[in-house]
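# Structure, please.
(chains A, B and C)
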Amino acid sequence: MSTTTRNPTLRARRRREALRNVAFLSPWLLGTGLFFLYPLITTAWLSFTHYDGFTAPTWDGVSNWRYVFKDYPFFWPALRNTLWFVVVLVSLRLVTGLVLGMTVIRLRRGSSVFRTIFYAPYLAPPVAATLAFVFLLNPGTGPVNSILGQLGLPEPGWFNDPTWSKPALTLLAIWGVGDLMVIFMAALLDVPRELYEAAELDGAGPIGRFRHVTLPTLRPILGFAVITGVIATMQYYTEPMVAGQVASGQIGGSGQQVEPGYPAGSTLTLPQLVYNLGFQRFDIGAACVIALVLFGLSMVFALFLMRRGSVFLGGDE
Amino acid sequence: MTATRRLRLAGTALGVTLALTTTACMGTSQGGANDNPDADVTLTFWHGWSAPSEVKAIQATIDAFEKAHPNIHVKAVGGITDDKINQALRAGGASAPDVVSSFTTDNVGQFCTSHAFVDLNPFMEKSDIDPQETFPAAQLEYTQFEGNQCALPLLSDAYGLYYNKDAFKAAGITEPPKTLSQFDRDAVKLTKVSGDTYSQLGFMPLYHGYESTITHFAAQWSPTYFTPDGKSNVANDQPLASAYRWQKALVGKLGGYEKLEKYRSTFGDEWSNNNPFMTGQVAMAIDGEWRAGMIDDSNSKVDYGVAPFPVPDGMADQYGKGYITGTIVGIASTSKKQNAAWEFVKYLTSDTDAVVNFANAIHNVPSTLAALQSPDLNPDPNFQTFIKIAANPNSNTTPSSPNGGAYQLTLQDLGYAFESGKQTDLQAGLDKAAEQIDTDIAQSQ
Amino acid sequence: MNRQSMLQWIAVHAFAIAAALFFVMPFVFVGLTALMSDQQTLTRELWPDPFAWHNLVTVWHTHGFSTWWRNTIIYATVGTALTLLSSIPVAYALACFRFRGRNLAMMVIIATMMLPPQVAIVPLYLFWAQNLHLTGTLWPLIIPLAFGDAFSIFLLRQFMLTVPREYLEAAKVDGCSDFRALLKVVLPMTRPAIAAVALFQFFYCWNDYFGPQIYTSENPAAWTLSYGLQTFKSAHHTNWNLTMAATVLVMAPVIILFFFAQKAFIEGVTLTGVKG
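Sure thing, here's the model as predicted:
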């Protein structure tokens, strides 16, 4: 039970405070209700209905769920791709960000120039950056393969080849590693110099210093970067979607339907399936099933993040 | 008006029949529109044309219509894809279209059963248009679904073979191939390898090679995509399997998948002046009649000829056929100006002068019986070749299905897997595709 | 400098330069290709000959391009302003007031921050399309920002926690209302965070692809740069040269803005991560 008080002035103050809290929070309370809770509940309900957007939804039991898990040909490939991105893309971004961060703070001259160069691609609009990479890695006329060819190296098919399309997307993601680099730089600068000096006195080489001083101090921020990286991978949408459409050469021609996940489904991700089912096939029930799966997975990782808890929440209690 | 109607099983000539109960709760529709066609209105018209010459041609048609109907204004929005049409028809609202045209017949089944488009039969009755006497049977067929004429043909398309005459001369080929074995031989002869790529390719068989889709090829074998009771027939259809095998063999003959795929990535945009046939990168192409117009309008120097696409060796007597399809136009049931919209649709689809002029301007095949006989039709022999393909009784199209073109995407996917060697057992792939098509159709209703 | 640290110096700089090349090259090639002629784009040459500067002009005058620009600027500026207006009071309440459910509220905010926009998109689309008939306009993108943005609230709140309590208390003693305390005490002290949030939100709107794809795709007059750029190559039947010229024109403002506001950016990014 809440603490009721008999003191009328105190009670009035409490009421005033509660009113004030609600007033300040009102935009968010309304927004959460309208744009989060309401759609979430509706999504859950629609996932059990048959609905094509024209005729009213009809109750359909678990048939959408069965369809998605058993018969929808893109679901498992999309999940496998996501796993691939989590393992390869997230860890490579982490390593690159860390290496660049460590390099830049060691530069005595021009470190701000280098920081700018490494950070700028992160800001390139994703659609523009993706178009640029599809062009750069275009197997026929792209400059990367021209150079590889002149050096006598093999020329991969990149965005046109199912085995190379994910590595190509990974390159694109590494190019935009600036955010991680800056975060790592800030953390690295926080490592007390005395720790390094002490380690050096103990005869630790560069690798030893990295293992025994740098890594332990960075551990919390690395954990943070891993989890946010995984969460970002769950949302991975624009880059694979645009890359697939542009590389397939089949965007926008009237009468053509966009082929999801070109080439050969190798760039499918879960959010793209929501688009494919909900906004191309207008199988709204099945689209809602994917949305809920996505919700569940994202929540699991969000909980991980929150379990790391008060540090991240930055609470004062 | 809300109408609950049970759509009966009805065999269509295209062979798709389905039993379904649909509750229609859309707009006003069913020809019961009572807006005043003489009121001053502005219609929004969506179409897919985007090449400058095509946009100019449709605008000329609109201008002629506005002159004849001073009270009706038409605002045209071009370059619209079917995804967007589908989305907007569900949304309604101020920016939603009244009149919609689509380059594909794939979604007609969906548009009709969902009542996204209104049934045009009552409108035609009111205007004393007898569809049977106005439109060719095939075109009338692909614009209706189970008796609901929810769209009308707005010009049609026929696919044939384009060949580069200079390349033919240089390779010592005197006439376009008539059978596929001749075609394969010519394609190899026309291919010039340079290092690990090509300086000229005879033909781009890959399924991403623009119009080289499995359904366009398969038309030469006259496949049956659905059984009379609406089930997928692709697992048992020998013609379709033959088409897949022919393409795969040709990929091998021309240098293999990887080499071709790499060459494909050097191609310019299909609709630009850098289309690989127009730049001479490929010596032969399967394409629609519009390509001739685009080549003539461009500064491309390619000296080209056209012919029907070759037929399988055992079907030489059917030479002259090809894949046909067409642009369709319908009236959105969310439109509040349906009578005015009908005036426009009537003009676009059945006014002989309008149809002939538009067909001539964008090099499409006209879609009314009167226009096909018109003396004003472009007498260009290339164009006449396509008119003949369109009129060939063995020419065929891809049937409409209740979930639109989804089954064609499934077949294309199988094509990608088969040409790249990911799927080696064709029959297993076809079995799986058939099962997928059936579950997708079941899921869509 | 001794030999070892000299070698180290060289190694670090050599690596930095090599890495910088990798990061700069895409920009260089995009820029060069944007200036090639049509014919040249279909070859493997790397250097434009001659320089076709008019490509940029051609793209700028391409039908629709200036409309996309205008729409993007409307979306980004109005969206950013609304985000700040709606998020600041919420962040303030979460940072400075004590009340039950505050931690729960923070948890919900973090959860919504983590959610892909696709989770709730289906009912939201139906709501905007069928109930309000506002699809095909920028409104479905802008209006939700008037109701607070989880990431902005989170970031602002983190920063507001660092405002010393004593200042707030002193303001109260002077008879300031909570609202005045926010205006007079908290806002001036959180200026860097507000700048960072504004920049992030501006960039988010500028770069947003999914929102415009869902809500505006049916009406070309409402497209933004991100969505328009994706359709550019096929819709205008262009080759890579013009497509890259368009890419340059979409990237340029963002990169230029970055050079002017570099400090605020880097501080903002650090702010998001450093608490971990």
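
# what comes up buried for stretch B:43-60?
Residues of stretch B:43-60 classed as buried by neighbour count (16 or more other Cβ atoms under 10 Å in any protein chain shown): B:43-51, B:53-55, B:57-58. C-beta here means a position set from N, CA and C on the backbone, and glycine is covered the same way.

# so residue B:445 touches residue A:50, yeah?
Yes - proximity of residue B:445 to residue A:50 meets the contact threshold set by Cβ atoms under 8 Å, at 7.4 Å.

# Would you mind telling me which of these two has the busier surroundings?
Each of residue B:445 and residue A:50 has its neighbours counted (other Cβ atoms under 10 Å in any protein chain shown); residue A:50 has more, 20 against 14.

# Tell me which residues touch the more buried one, please.
Residues in contact with residue A:50 (Cβ atoms under 8 Å, 6 or more residues apart in numbering or on different chains) are A:57, A:58, A:60, A:63, A:64, A:285, B:445.

# can you redo those as JSON lines with secondary structure, pLDDT and distance to residue B:432?
Shown next, in JSON lines, are the contacts of residue A:50 (DSSP: H, G, I helix; E, B strand; the rest coil; pLDDT from 0 to 100; distance: Cβ to Cβ, whole Å):
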{"residue": "A:57", "secondary structure": "coil", "pLDDT": "92", "distance to residue B:432": "30"}
{"residue": "A:58", "secondary structure": "strand", "pLDDT": "92", "distance to residue B:432": "29"}
{"residue": "A:60", "secondary structure": "coil", "pLDDT": "90", "distance to residue B:432": "25"}
{"residue": "A:63", "secondary structure": "helix", "pLDDT": "94", "distance to residue B:432": "21"}
{"residue": "A:64", "secondary structure": "helix", "pLDDT": "95", "distance to residue B:432": "21"}
{"residue": "A:285", "secondary structure": "helix", "pLDDT": "95", "distance to residue B:432": "24"}
{"residue": "B:445", "secondary structure": "coil", "pLDDT": "76", "distance to residue B:432": "21"}
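
# Including distance to chain C, could those go into CSV?
Formatted as CSV, the contacts of residue A:50 follow (distance: Cβ to the nearest Cβ, whole Å):
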residue, distance to chain C
A:57, 10
A:58, 16
A:60, 15
A:63, 17
A:64, 12
A:285, 9
B:445, 19
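
# Show me what the residue of the stretch 101-250 of chain B found nearest chain C is bridged to.
Nearest to chain C, among the residues of the stretch 101-250 of chain B, is residue B:197, at 10.1 Å (Cβ to the nearest Cβ). Here residue B:197 sits in beta bridges with residue B:194, as judged by DSSP bridges.

# Would you mind listing what in the stretch 1-150 of chain C touches chain B?
For the stretch 1-150 of chain C, the residues in contact with chain B (Cβ under 8 Å from any Cβ of the partner chain) are C:38, C:42, C:129, C:130, C:133, C:134, C:135, C:136, C:137.

# So which of those sits lowest on pLDDT?
Note: of the residues of the stretch 1-150 of chain C next to chain B, the lowest pLDDT belongs to residue C:42, at 68.

# got the residue ranges for the strands in the stretch 251-400 of chain B?
Counting by DSSP state E, counting those that start in this stretch, the stretch 251-400 of chain B has strands at residues B:282-288, B:304-307, B:324-331.

# Tell me the residue of the stretch 101-250 of chain A that sits nearest chain B?
Across the stretch 101-250 of chain A, no residue is closer to chain B than residue A:140, which sits at 3.1 Å (Cβ to the nearest Cβ).

# so what pLDDT did the residue lying closest to that residue once chain neighbours are set aside get?
Counting by Cβ to Cβ, 6 or more residues apart in numbering or on different chains, residue A:140 lies nearest to residue B:266, which is 3.1 Å off, once chain neighbours are set aside. On pLDDT, residue B:266 comes in at 79.

# Over to residue A:88?
Residue A:88 carries a pLDDT score of 96 in this model.

# Check which residues of stretch A:282-302 are buried.
By neighbour count on 16+ other Cβ under 10 Å, the buried set for stretch A:282-302 is A:282-295, A:297-298, A:301-302.

# Report the contact partners of residue 234.
All of this refers to chain A. Contact analysis of residue A:234 by Cβ under 8 Å, 6+ apart lists A:82, A:270, A:271, A:294, A:297, A:298, A:301, C:116.

# looking at chain B here, not the other one
B:223, B:225, B:240, B:411, B:430, B:433, B:434, B:437.

# would you turn these into a markdown table with pLDDT?
Output for these, formatted as a markdown table (pLDDT from 0 to 100):
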| residue | pLDDT |
| --- | --- |
| B:223 | 95 |
| B:225 | 94 |
| B:240 | 96 |
| B:411 | 93 |
| B:430 | 97 |
| B:433 | 95 |
| B:434 | 96 |
| B:437 | 94 |
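
# Excluding chain neighbours, what is closest to residue B:133?
Take residue B:133 and drop its neighbours on the chain: the residue closest to it by Cβ to Cβ, 6+ apart is residue B:369, 7.1 Å away.

# Using the three-state scheme, assign the most centrally placed residue in chain A.
Taking Cα atoms, centre = their mean as the criterion, residue A:232 is the residue nearest the geometric centre of chain A, at 1.1 Å. Here residue A:232 is recorded as helix under DSSP: H, G, I helix; E, B strand; the rest coil.

# Got the confidence number for it?
Note on residue A:232: pLDDT of 89.

# which parts of the stretch 1-150 of chain A sit against chain B?
A:50, A:52-56, A:63-64, A:67, A:71, A:73, A:138-141.

# what two of these have the greatest distance between them?
A:56 and A:141 (51.3 Å; Cβ to Cβ).

# okay, those two: which has more neighbours?
When residue A:56 and residue A:141 are compared for neighbours, residue A:141 comes out ahead with 21 against 9, by other Cβ under 10 Å.

# Check which helix or strand that one maps to.
Here residue A:141, judged by DSSP states H and E, is contained in no helix and no strand.

# Run through the residues that contact the nearest residue to residue A:265 once chain neighbours are set aside.
Of all residues not flanking residue A:265 in the chain, residue A:77 sits nearest, at 4.6 Å (Cβ to Cβ, 6+ apart). Applying Cβ under 8 Å, 6+ apart to residue A:77 gives the contacts A:261, A:265, A:266, A:268.

# quick one: low-confidence ranges for the chain?
Chain wasn't specified; assuming chain A. Scanning chain A for pLDDT under 70 picks out A:1-6, A:249-258, A:308-317.

# right idea, wrong chain: chain C
C:1, C:42, C:234-238, C:269, C:271-276.
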